[in-house]
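Undergrad: give the three-dimensional model of this entry:
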Amino acid sequence: MTAFGFLNGLGVQATNVYLPLFAVRELGFSLVLGGAAAAAAGAIGVAARVGWGRVMSRGTAAPVLLLALALLALAGAGVFFAAGAIGMAGFLWLAVALHGASALGVSVVLMAALLRSVPATSMASASGIVSSGMFAGFTLGPLVMGAFIGATGGFQGGWVAVAATYLACAVLAAFLMARRKRKP
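TA: Modelled structure (predicted):
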């Protein structure tokens, strides 16, 4: 779960930090509208956390939900790429919705999974370890995205890198699902 949190955190914060700049520089948004795009992602993310928490409370297995969220986030990264490639602002709003509904909702799934699998006496250290993975990803995501943008002069390489992190999340979730099925 720590590795998943790290990878997701990379993609989340790379997107959160560069979303307004992308909207302004690549799609011609005003500064206010670029900020509104980031705010919309955040608002959708809050709702997503509540919704995914409810899904987890109904007994959905965390690896299954993590796989679904990773695939939705991967789709969002693809739509960000497409928005820049064809200059279509409508795609940006779709990407914002996918990003907010998926990648921003992962933290609640990870913490709910811990509640299910870790004894109460170990919960503080376990949640700290998983959180440290997420925050390490949050720390490095903007740096990695900035390096791609700086090296290429555009956002396309950055969106490919974000997509790669979500693809790695999907592979990791599939591994967790397979491992869960093998346990008696």
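Undergrad: look up the closest residue to the residue nearest to the spatial centre of the chain, ignoring the ones flanking it.
TA: In the chain, the centroid-proximal residue (CA atoms, centre = their mean) is A103; its distance is 2.6 Å. Of all residues not flanking A103 in the chain, A73 sits nearest, at 4.1 Å (CB to CB, 6 or more residues apart in numbering). (Each C-beta comes from the backbone N, C-alpha and C, glycine too.)
Undergrad: now G28: phi and psi?
TA: With angles defined as degrees, to the nearest 10, G28 sits at phi 80, psi 20.
Undergrad: now do the contacts for it.
TA: Shown in contact with G28 (CB atoms under 8 Å, 6 or more residues apart in numbering): A89.
Undergrad: what is the least confident helix or strand in this structure?
TA: Using mean pLDDT, DSSP states H and E, helix 106-117 stands out as the lowest-scoring helix or strand of the chain, at a mean of 90.
Undergrad: circling back to that earlier point, tell me the pLDDT at the residue nearest to A103?
TA: A73 is assigned 98 on the pLDDT scale.
Undergrad: ok, K183 next?
TA: With respect to pLDDT, K183 scores 64.
Undergrad: now do the helices in the protein.
TA: 2-27, 31-57, 62-86, 89-101, 106-117, 123-152, 156-182 (DSSP state H).
Undergrad: quick one on the thing from earlier: I figured the residue nearest to A103 hits H99, correct?
TA: Yes. Using CB atoms under 8 Å, A73 is in contact with H99, at 6.8 Å.
Undergrad: these two: which has the busier surroundings?
TA: Per other CB atoms under 10 Å, whichever of A73 and H99 has more neighbours is H99, with 32 against 29.
Undergrad: ok so, going back, need the contact list for the residue nearest to A103.
TA: Per CB under 8 Å, 6+ apart, neighbours of A73: 8, 11, 98-99, 102-103, 166, 169.
Undergrad: ok, of those residues, which one's closest to T60?
TA: T60 has its nearest neighbour among those in S102, at 14.8 Å by CB to CB.
Undergrad: now that closest one, nearest residue through space, not along the chain?
TA: S102 sits nearest to L72 (CB to CB, 6+ apart), 3.5 Å away.
Undergrad: measure the one you found to L65 for me?
TA: Using CB to CB, to the nearest Å, we find L72 at a distance of 11 Å from L65.
Undergrad: great, nothing more from me.
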